[in-house]
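# return atomic coordinates for the entry below.
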Amino acid sequence: MKKFILLLLCSIATSLHAQERIILLNEGNWQADNGKISYFEDGEIVSNQWFRDINKRKLGDTPNDIIQINSNLIAITVNWSNIIQFISPDGKRIAETEDVPNNRKLATDGRYVYVTSYGHECGTIHGYEMFTRGYVAKIDVQTFKVVATCEVGYEPEGIAYYNGHLFIANTGGYAFQEDHEYETTVSIIDAETMQLVRNVDTGQINLYGKLSQSGQYLCINSPGDYYDIPAATVIFDCEGALHGDDDCFVVLEYASTYNCTMLDGNFIAIGSRFSYYTNEYTFNYVVIDPHEVMLTDGGGGVDESLPGTMLEDLKALGMPYGVYVNPYTGYMYATDAGSFAAAGALVQWSPEGTFLGRHKVYINPAHFLALPPDGVDFAGIEQVTDKDKPTSTDEVYDLRGVRIAPAEGFYIQDGKKIYKH
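Have a look, this model is predicted:
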């Protein structure tokens, strides 16, 4: 009996002090209305239909992105259902916004949510607005209404917030069916006024997918045209772009179909190249140091080694479909979509790259969000010195509030503040 009580108390203590808490969006099958959320906590899948368990309703068709806005609010784009779903960190539905059709990716400054859309219309507090190309919508999280918009390129995808500005990767991905070419630009918007500042032409077509951010640097995937134009990665310097620099980006020959930011500020990139000529995929697995890439104009900063057994474990996946590093703990994740039609898998590694387990999830698991560990504030990383002039007395704190030595870079992902020396 004593042993049973001890185990029970340990179980309760564990549940009350969860450290590893991951929300995973499973896209399901397009037009099947079967998108689901898997909730992973401390080594176990709690549920593969978390949203439905809590709210007794479907999430919707093809969830596309997830982001935490503040301590109490999370946003999810549900693309084919044409809604943006707002939930609390415990999964409870709070509101829905249906004014942004064909919504894609998300960014936030904590007060507003910014979402890209392939659509050509948007419902706002000023009435319906029409667009020739795609646009970015600004949503007030107090009212869940669109308060402003800005037209950008055709089929805008990834979006990031940096220093009061939004950076949007345009794809032109409907070029094969609409009367326009692929896009090659990153649009820069003043987030307060929602006015276009400038377009930066990267020379790389089809800037598709969620981009990763490390301080002033972005990692942007360019899958090419799947025929003659090869995939590439654009490392983009937001600070340089805001200063009008023409050399504010570097193009790398690696693909970064699935990418994320590591705790040291580097990017992990799993590149998936597909060719319609061969109907085959080829992959690359790299770590990218954006500061070194910019410093050397692409001559350095790319390493084809990953921590621990991560590289060989990734190569063993049937079809990699996502990669993520928990910004609070450093634990690493990837997903395996397998056949794209049956249950996929979530794979976990320690921060050192030790394989920890493979967990069955749902169809096409793709988009991650780590919740803060119990007792850790959502915005829990601060820098207390002049970021432009680091000295030996600089003090920096990690997401657990622990003082660490000055480093080349570190970050908070998914719309949270990011700092880099």
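# ok so residue 241 is a helix residue?
Yes - counting by DSSP: H, G, I helix; E, B strand; the rest coil, one finds residue 241 located in a helix.
# contacting residues for it?
167, 186, 188, 198, 200, 248-249 (CB atoms under 8 Å, 6 or more residues apart in numbering). For every residue, glycine as well, the C-beta is placed using N, CA and C.
# can you name the element that comes right after the one helix or strand residue 196 maps to?
Assigned by DSSP states H and E, residue 196 falls within strand 195-201. Beyond strand 195-201 on the C-terminal side, the first helix or strand identified by DSSP H and E is strand 212-214.
# run through the neighbouring helices and strands of that following strand.
Judged by 3 or more CB pairs under 8 Å, 6 or more residues apart in numbering; DSSP states H and E, strand 212-214 is in contact with strand 217-222, strand 258-261.
# as JSON lines, these with mean pLDDT would be great.
As requested, those are exported to JSON lines (pLDDT from 0 to 100):
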{"stretch": "strand 217-222", "mean pLDDT": "98"}
{"stretch": "strand 258-261", "mean pLDDT": "97"}
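# could you report the neighbour count for residue 82?
For residue 82, the count of nearby residues is 18 (other CB atoms under 10 Å).
# likewise for the one 4 residues further on?
Other residues lying near residue 86 total 20 when counted by other CB under 10 Å.
# if it is in a bridge, with which residues?
Counting by DSSP bridges, residue 86 is bridged to residue 75, residue 95.
# could you dump the helices and strands packed on strand 212-214 to TSV with distance to residue 32 and mean neighbour count?
Compiled in TSV, those are given as follows (distance: least, CB to CB, whole Å; neighbours: other CB atoms under 10 Å):
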stretch	distance to residue 32	mean neighbour count
strand 217-222	26	28
strand 258-261	22	26
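# distance to residue 243 added to the ones you listed, as JSON lines?
Formatted as JSON lines, those follow (distance: least, CB to CB, whole Å):
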{"stretch": "strand 217-222", "distance to residue 243": "14"}
{"stretch": "strand 258-261", "distance to residue 243": "23"}
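# measure the nearest residue to residue 84 once chain neighbours are set aside to residue 241 for me?
Using CB to CB, 6 or more residues apart in numbering and skipping the chain neighbours, the partner closest in space to residue 84 is residue 97 (4.3 Å). As judged by CB to CB, to the nearest Å, residue 97 and residue 241 stand 29 Å apart.
# and for residue 179?
Note on residue 179: its distance to residue 241, by CB to CB, is 29 Å.
# in the stretch 301-421 of the chain, which spans are strands?
Ranges of strands in the stretch 301-421 of the chain, per DSSP state E, counting those that start in this stretch, are 302-303, 320-325, 332-336, 343-349, 355-363, 365-371, 396-397, 403-404.
# show me the one of those that comes nearest residue 270.
Relative to residue 270, the nearest member of the strands of the stretch 301-421 of the chain by CB to CB is strand 320-325, separated by 5.0 Å.
# so the closest one versus strand 343-349, what angle?
Counting by axes from the mean of the first three to the mean of the last three CA atoms, to 10 degrees, strand 320-325 lies at 30 degrees to strand 343-349.
# how about residues contacting strand 320-325?
Here strand 320-325 makes contact (CB under 8 Å, 6+ apart) with 22, 258-263, 268, 270, 272, 283, 314, 331-337, 344, 364-368, 370, 413.
# please pick the buried ones from these.
Buried subset of the contacts of strand 320-325 (neighbour count, 16 or more other CB atoms under 10 Å): 22, 258-263, 268, 270, 272, 314, 331-337, 344, 364-368, 370, 413.
# in a strand, that's where residue 293 is, yeah?
No - secondary structure of residue 293, determined by three-state DSSP: helix, with no strand assignment.
# low-confidence ranges in the stretch 301-421 of the chain?
379-421 (pLDDT under 70).
# which one (most neighbours) among the contacts of residue 241?
Using other CB under 10 Å as the neighbour test, the contacts of residue 241 are led by residue 186, with 30 neighbours.
# was I right to think it contacts residue 207?
Yes - counting by CB atoms under 8 Å, residue 207 is a contact partner of residue 186 at 7.0 Å.
# stretch 279-292: how far from the chain's middle?
Put simply, stretch 279-292 sits 17 Å off its chain's centre (CA atoms, centre = their mean, to the nearest Å).
# can you list the residues that contact that stretch?
Contacts with stretch 279-292, where a contact means CB under 8 Å, 6+ apart, come from 214, 217, 219, 233, 235, 237, 252, 254-256, 262, 265-275, 300-306, 311, 314-315, 319-320, 408-409, 420.
# which ones among the residues you listed are found in helices?
Here DSSP state H is the test, and the contacts of stretch 279-292 give 311, 314-315 as lying in helices.
# closest to residue 123 out of these?
Nearest to residue 123 out of these is residue 314 (CB to CB; 41.8 Å).
# got a list of what the closest one touches?
Residues near residue 314 by CB under 8 Å, 6+ apart: 270, 285, 306, 320, 334.
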